[in-house]
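Participant: Sequence below, structure please.
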Amino acid sequence: MTVFVDTSALFALLDAEDAEHDLAFSAWSSGIDDCAGFVTTNYVVVETIALVQRRLGIDAVRTLIDEMLPMIDTIWVTEADHTTGLSLVLMAARRHLSLVDCVSFTVMRRMGIRKYLGLDPHFEEQGFTRYAAG
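Facilitator: Next comes the predicted model:
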């Protein structure tokens, strides 16, 4: 099983004080135990590093890069993925639906990935299923 990892989960995993830390940690640990194949995109990596560096500092970025990202396969966004993501942003016409999310949905559909590890409700709105411990 392949599980897409979103910025929201990565941030919650790194921030022990995040309200969703325990939920994210439980799902992450379960995925490791179940040998789930974690994947993400290079866009999510960029977004996550920027967020973590700004809010948690460089030590948390180091933990992300050295300890977490090696456990996640990074899918590089294609030009077609990027273009489709841009179209989705414009079609949705919603302030809080980001280009990174729309590109994530595009890549997940292209790769046939149905489950995600994250806290963002936009994934479920798009028909994806949240990966949970158990």
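
Participant: Give me the neighbour count for Thr63.
Facilitator: 15 (other CB atoms under 10 Å). The way it works is simple: take the backbone N, C-alpha and C, and place the C-beta from them, glycine included.

Participant: oh sorry, the question was meant for Val100
Facilitator: Val100 - counted by other CB under 10 Å - has 19 other residues nearby.

Participant: Let me know the helix or strand that it is in.
Facilitator: helix 99-111 (DSSP states H and E).

Participant: model confidence over that helix, on average?
Facilitator: Per-region confidence: helix 99-111 scores 98 on mean pLDDT.

Participant: So which elements touch the helix or strand just after that helix?
Facilitator: Moving toward the C-terminus from helix 99-111, the next helix or strand (DSSP H and E) is strand 115-117. Contacts defined by 3 or more CB pairs under 8 Å, 6 or more residues apart in numbering; DSSP states H and E place strand 115-117 against strand 2-5, helix 21-33, strand 129-130.

Participant: Mind putting those into CSV with mean neighbour count?
Facilitator: What follows is those, written out as CSV (neighbours: other CB atoms under 10 Å):
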stretch, mean neighbour count
strand 2-5, 24
helix 21-33, 17
strand 129-130, 14
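
Participant: With His96 as the reference, name the closest of these.
Facilitator: In terms of CB to CB, the element of those nearest to His96 is strand 129-130, at 18.1 Å.

Participant: which helices and strands sit right next to that closest one?
Facilitator: With contacts taken as 3+ CB pairs under 8 Å, 6+ apart, strand 129-130 sits against strand 115-117.

Participant: Partner strands of the strand it packs on, with direction?
Facilitator: Using DSSP bridges, the strands paired with strand 115-117 are strand 2-5 (parallel), strand 129-130 (parallel).

Participant: All good on my end, thank you.
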